[in-house]
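Visitor: quick one, fold the following:
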Amino acid sequence: MKKNELKFYKKILEEKREQLIANINSSVNEISELRENKAADDFDVASMNTDLSIEYSLNVNQQKAFLEIESALKRIENGTYGLCESCGEQISLERLKVNPEARLCISCKEQAEKQNRS
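Guide: Numbering: from 1, shown residues only. The predicted model follows:
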């Protein structure tokens with residue numbers, strides 16, 4: 001991959017990372033606020049528990065996405081960014097534009113998804 005392409009993807013990944021950090025911090029604050037609120041009745045408790053569950057799920061998903069971005073940035077540093085971790089072939093630029101943290105080429109991703117469904 002060319003230097004200017006790597007620079008382009010690095011910038012995108014860094015921007016996504018910063019946005020995720022802001023989202024994670026916001027989610028943590030929301031969870032803290034929900035935990036501090038006192039419920040007036042059983043309905044409020046149920047509603048609060050649902051809200052907490054949603055916030056926890058969002059937070060976990062955001063943390064996973066953050067780790068994927070960090071991994072992609074490390075691959076840029078060590079010179080393996082854009083190479084499929086399964087077959088070693090180049091991941092298409094079109095795929096990386098849609099999903100810059102992609103680890104697998106389309107063929108290997110489809111194969112992995114088929115195996116997961118089985």
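
Visitor: who are the packing partners of the worst-scoring helix or strand of the chain on mean pLDDT?
Guide: In the chain, no helix or strand scores lower on mean pLDDT, DSSP states H and E than helix 42-78, which sits at a mean of 84. Helices and strands touching helix 42-78, by 3 or more C-beta pairs under 8 Å, 6 or more residues apart in numbering; DSSP states H and E, are helix 3-36. (Each C-beta comes from the backbone N, C-alpha and C, glycine too.)

Visitor: so which bits of the helix it packs on are buried?
Guide: Across helix 3-36, burial judged by 16 or more other C-beta atoms under 10 Å covers 6, 8-10, 12-13, 16-17, 20, 23-24, 27, 30-31, 34.

Visitor: show me the contacts for the residue positioned nearest the centre of the chain.
Guide: Closest residue to the average C-alpha location of the chain: Ala65 at 1.3 Å, with C-alpha atoms, centre = their mean. Ala65 is in contact with 16, 20, 101, counting by C-beta atoms under 8 Å, 6 or more residues apart in numbering.

Visitor: got the domain ranges for this protein?
Guide: Domain assignment for the chain by the TED database gives 1-80, 82-117.

Visitor: show me which residues of the shortest one are buried.
Guide: I take that to be domain 82-117. The neighbour-count check on domain 82-117 (16+ other C-beta under 10 Å) flags 82-84, 91, 95-96, 100-105, 108-109 as buried.

Visitor: now it: mean pLDDT?
Guide: The average pLDDT within domain 82-117 is 96.

Visitor: now do the same end-to-end measure for it.
Guide: 26 Å (C-alpha to C-alpha, to the nearest Å).

Visitor: the longest one now?
Guide: Counting by C-alpha to C-alpha, you get 9 Å between the two ends of domain 1-80.

Visitor: wait, what's in contact with Asn29?
Guide: Listed by C-beta under 8 Å, 6+ apart, the contact set of Asn29 is empty.

Visitor: now with 10 Å?
Guide: Listed by C-beta atoms under 10 Å, 6 or more residues apart in numbering, the contact partners of Asn29 are Glu55.

Visitor: measure it to Ser53 for me?
Guide: To Ser53, Asn29 is 17 Å away according to C-beta to C-beta, to the nearest Å.
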